[in-house]
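In: please find the sequence and the predicted model below.
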Amino acid sequence: MNAPLVQVNALWVRFGPVDAVRGIDLSVPAGTATALLGRNGAGKSTTMRVLAGVIPPTGGVVTVDGKDIRDDTLGVKRVIGYCPDVGGLVPRATPWEHLQLAARLRRLDHGWEERAREMLERFDLGAATHRVTSGFSHGMGRRMSVILAAFHRPRVLLLDEPFDGVDPLGVEATMEVIADARAEGSAVLVSTHLRELAVEACQDAIVLRGGQAVAALPAHEMAGEAGAGAYRALLD
Amino acid sequence: MPTALSSTDTTPGPARPGIGDVLRGWRAETRRAVGDVGPLLRFRSSGVRGRSRTTLILALAFLLAFTVIACWLPAYLPEGDERRSDVLLLLPSAYIGVLVISMISAAASGGGRELLPRDQGVAYPVSPTTDHLGALLMAPLNIAWIVQSWTLLGASAYVVGPRWTLPLALLPVFLWLFAATAIAQALAWFVEWVRRGAFGVLTVRLLTIFMGLVLAILIVTDELVPLLDESPTLTVALGLLYGSEAQMLPWLRVVLGIAAVGLVAVVGGALTAGAVVRRPPRDELREETSSRPPRANPASDLVALLRTDRAAIWRSVPLRRGLAVLALLPGLVALAGGLDWVMLSILPGLVASGGALLFGVNSWCLDGRGALWRDSLPVNPRLAFTSRVMVLTEVLLVVTALTLLMGALRAGPPTTSRVVAVVTCAVVVTVQVVATSLRWSVRSPYAVDMRSARATPAPPVVMVGYSARLALSTTLTGMVFGGATFAPWQWSVMVAIPFLLFSSYKLVGTAGAWALPAVRSRVVAVVAS
């Protein structure tokens, strides 16, 4: 098995009196995709935000591509691509300006534009490339967020609710992005409450409840009606 | 068995409602709309908890106490030679002033403040009448309105003097404050209605230019003061005098007249607000759907960040409109009043404070829900902070420069010491306001949808506190530099140094706080929520 690119041990995140994440362990090896499943408020997005370097952990050890998130947050941000659960787009900037900003800060070599254009077309956003994103629909925003997370071929791809409100073509394009990332040796973490899509996109699944991991199992065990029953049982 | 009508049959249309039905329906709708204001106010205030609630109660108590003092204390001030009659002569113009300030404030913000933010309000059946009444209630939560009202009440009380009839005399003034606010709100809705129509933006711009020209002609021909002397607000001043002399019948006539005008304005505003919601906001929609030609890739990280931060301001219709008003209005006032160089030194503080209150006091809210993504990018947080500082500073300096250029036209001959004093004052208050605004942005972020012209970067009550503190500190600084206009120019530079050092110290401290992951994550999580 490949070495894990994402390694989380006893992650704890506290917001004032609320413990949002309570001792989660997980690892995602290179070339694999893992789904984070659970109800609203289970701690999925908080875990993703910690891995993206947006929220500092209260306790535990988190390493991404061998870098400790506390000691080298900037280094972690250089190797990840993150699609946040809400919005994720600056309202007055165009998709192309988002891409230019990210390409500059990530020091992408000349030629990134071709891949960016190809991804915009794949996600059916070619015609909206130079429109400000405040006029985007929810689905368009989600699709653009996936592009921003993936266009620079990150070592670790973090997709938080990438399928939420997205049409079937957008879902298909997102599935392709996940498959491509795995094929290129990246580690992919997908947070979603859409079980069937998680099963299709990932080979491993971790179910969170109340800020804790209550199960870690192969994703195919969550497929079909039997999987739905098992998943349902884990949520209560 | 019923069959479909043939083409030659006459279609029985729906029964047309009679005038009685229409009136009954209108009354029921109005009652419902008025009834909705209370629950919405409670919903809005329920978000203020703990220490904030205590602060809010204290602030409201202070406002109330100061209003009582403004109504009472000036009456006991020494009379002086003819001073009371001098103030009386100015009162009708001052009464017009509160109307103008209220109207500009409401029109610039696309119809006044929202009782419920647009993104929260979409789920509820809030009628335009409720929205209008909410905007009316929120209108006094504006430091310009509050200060002007206190000044009016104080000046009116001074004219009346220490008599038992003081409350009677001040009643027409209170009613005028209500009527002026209602008229301003109705006019603001009308301006917004025109703006949303075909060629609306052009029409409003032409109308503004026309009014500016009329004002300029009145000033040049010395007709402004005679015109103000004929102002209808003379009636309010008469009401004040009738009240002070206890002439009950004419006093009552004035009181009822002003109240009627206010009520008509409230109803007219509600009707116009209803017409506004039936028109889409064209310029905002155009901004959101138009294409932006791509530019070359940024040459450095700072340039990339600056571009994004500048776009957030200059591509926002409400912010552009607010900045234009800020750049032009104080300049026009300075032109109209022929302010001298000493008074000009007060303007940079007002303009910079106004600019900061448009967005600067909650700078990160401009990223909206993109804040999470932006914070996941690999860039030194101090560089991102520097970009915010630079953009806010340049925006404030641009609007301040325009104001000063206009004001300088009639300020008298420019000497080196005057020019240096006013320019250093502009730089000092701008840095002062930037340092304070960014400190507040980091300490107290708020989630705000700034797409709406009617949104404020912080809750309205908080905005009153912010504007009062900014106005106080920048006015005091302006007064220091006003004094420096009489001294050699080197004095202005010497005085500026400690101010700039203190503001820089504040900025460095805030940059340090922003660089802390725990602080930054809190700000980002709040503005992106």
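Out: Received, thanks.

In: if you skip the residues just before and after it, what's nearest to the residue of chain A found nearest chain B?
Out: Going by C-beta to the nearest C-beta, chain B is nearest to A:G87 of chain A, at 2.2 Å. All C-beta atoms are positioned from the backbone trio N, CA, C, and that covers glycine. The shortest distance from A:G87 to any non-neighbouring residue, by C-beta to C-beta, 6 or more residues apart in numbering or on different chains, is to B:R369 (2.2 Å).

In: you'd agree that neighbour is up against A:T133?
Out: No - in this structure B:R369 lies outside contact range of A:T133 using C-beta atoms under 8 Å: 9.8 Å.

In: for the residue of chain A closest to chain B, what are its contacts?
Out: Residues near A:G87 by C-beta atoms under 8 Å, 6 or more residues apart in numbering or on different chains: A:G141, A:S145, B:G368, B:R369, B:G370, B:L372, B:W373, B:A528.

In: hmm, try it at 7 Å
Out: Contact analysis of A:G87 by C-beta atoms under 7 Å, 6 or more residues apart in numbering or on different chains lists A:G141, B:G368, B:R369, B:G370, B:A528.

In: now do B:A426
Out: Contacts of B:A426 by C-beta under 7 Å, 6+ apart are B:P348, B:T400, B:L404.

In: which of those has the most neighbours?
Out: B:P348 (33 neighbours; other C-beta atoms under 10 Å in any protein chain shown).

In: how close does that residue get to A:A102?
Out: 38 Å (C-beta to C-beta, to the nearest Å).

In: number of nearby residues for residue 31?
Out: If you meant another chain, say so; for now it's chain A. Number of residues near A:G31 (other C-beta under 10 Å) recorded here: 16.

In: sorry, should have said chain B
Out: Counted with other C-beta under 10 Å, the neighbours of B:R31 add up to 10.

In: how about B:A198?
Out: Counted with other C-beta under 10 Å, B:A198 comes out at 8.

In: which parts of the helix ranked longest in chain A are buried?
Out: Counting by DSSP state H, the longest helix found in chain A is helix A:168-183. Neighbour-count burial for helix A:168-183 flags A:G170, A:V171, A:A173, A:T174, A:V177, A:I178, A:A181, A:R182 (criterion: 16 or more other C-beta atoms under 10 Å in any protein chain shown).

In: not counting sequence-adjacent ones, nearest residue to the second one?
Out: I take that to be A:V171. Closest to A:V171 by C-beta to C-beta, 6+ apart is A:F163, at 5.5 Å.

In: just to check, the one you found is in contact with A:T192?
Out: Yes - between A:F163 and A:T192 there is a contact at 6.0 Å, judged by C-beta atoms under 7 Å.

In: now the phi/psi pair for A:N9, please.
Out: Dihedral angles of A:N9 (phi, psi; degrees, to the nearest 10) stand at phi -120, psi 120.

In: no, scratch that, I was asking about A:V188
Out: As for A:V188, its main-chain torsions (degrees, to the nearest 10) stand at phi -120, psi 130.

In: ok, for it, nearest residue in space, not its chain neighbours?
Out: A:A33 (3.8 Å).

In: pLDDT at the one you found, what is it?
Out: Looking at A:A33, its pLDDT is 95.

In: before we move on, what about B:S503?
Out: What the model reports for B:S503 is a pLDDT of 96.

In: now do stretch A:129-146: distance to the chain's middle.
Out: Mean-position distance between stretch A:129-146 and its chain equals 17 Å (C-alpha atoms, centre = their mean, to the nearest Å).

In: mind listing what's buried along that stretch?
Out: Neighbour-count burial for stretch A:129-146 flags A:129, A:131-136, A:139-146 (criterion: 16+ other C-beta under 10 Å).

In: swap in stretch A:105-118?
Out: For stretch A:105-118, by 16+ other C-beta under 10 Å, it's A:L105, A:R106, A:L108, A:W112, A:E113, A:R115, A:A116.

In: grab the most central residue of chain B for me.
Out: Nearest to the geometric centre of chain B sits B:S105, at 4.1 Å (C-alpha atoms, centre = their mean).

In: which SSE is that one in?
Out: helix B:83-108 (DSSP states H and E).

In: helices or strands up against that helix?
Out: If you count contacts as 3 or more C-beta pairs under 7 Å, 6 or more residues apart in numbering or on different chains; DSSP states H and E, helix B:83-108 packs onto helix B:143-160, helix B:166-195, helix B:224-229, helix B:234-244, helix B:317-337.

In: quick one: work out the angle between it and helix B:143-160.
Out: Taking axes from the mean of the first three to the mean of the last three C-alpha atoms, to 10 degrees, one finds helix B:83-108 and helix B:143-160 inclined to each other by 160 degrees.

In: any weak-confidence spans in chain A?
Out: A:1-2 (pLDDT under 70).

In: for it, what lies in contact range of chain B?
Out: When proximity is defined by C-beta under 7 Å from any C-beta of the partner chain, chain A lies next to chain B at A:52-56, A:73-74, A:77-78, A:80, A:82, A:84, A:86-94, A:96-97, A:100-106, A:130-132, A:134-135, A:145, A:148.

In: please list the members of those residues that lie in helices.
Out: Among the residues of chain A next to chain B, the members found in helices (DSSP H) are A:73-74, A:77-78, A:96-97, A:100-105, A:145, A:148.
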